[in-house]
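1. my questions are about this predicted structure, shown below with the sequence.
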Amino acid sequence: MSDSKAAVTVYSTTWCGFCHQAKKYFDAEGVDYKDIDVEKDPKAAEEMVNKSKQMGVPVIEIGDTIIVGFDRPKVESALKDAGLK
């Protein structure tokens, strides 16, 4: 899914397995998210690094929470905190 008003943003690349897992999880849970391919969007890549202080993907933004990597327990907790689950 790709919803510009989504409360969840996934900064990802096409080749990243954990990125695919994260997006598959959100799809299965019915969570709308905005997917940003940081390989195609250098400004978004810079924004991702500024937010996460990391170069790795995925970087998942849920409300005010930044999660580096697909850490399912942290993602589920952040979704609950944001009232999305």
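-> Perfect, thanks for sending it.

2. only C-alpha atoms from now on, for both contacts and neighbour counts.
-> Noted.

3. surely residue 61 is in a helix?
-> No: with DSSP: H, G, I helix; E, B strand; the rest coil as the criterion, residue 61 is assigned strand and is not in a helix.

4. any idea how far it is from residue 24?
-> From residue 61 over to residue 24 the distance is 16 Å, taken as CA to CA, to the nearest Å.

5. same question, residue 57
-> Separation of residue 57 from residue 24 (CA to CA): 15 Å.

6. buried ones in the longest helix seen in the chain?
-> Using DSSP state H, we find that the single longest helix of the chain is helix 17-29. Buried residues in helix 17-29, defined by neighbour count with 16 or more other CA atoms under 10 Å: 18, 19, 20, 22, 23, 26.

7. need those in CSV (columns: distance to residue 73 and pLDDT).
-> Formatted as CSV, the buried residues of helix 17-29 follow (distance: CA to CA, whole Å; pLDDT from 0 to 100):
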residue, distance to residue 73, pLDDT
18, 14, 97
19, 16, 98
20, 17, 98
22, 12, 98
23, 15, 98
26, 13, 97
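
8. among those residues, which two are most distant?
-> 18 and 26 (12.4 Å; CA to CA).

9. any low-confidence regions in the chain?
-> 1-6 (pLDDT under 70).

10. which stretches of it form strands?
-> 8-12, 34-37, 59-62, 65-68 (DSSP state E).

11. fine, thanks again, bye for now.
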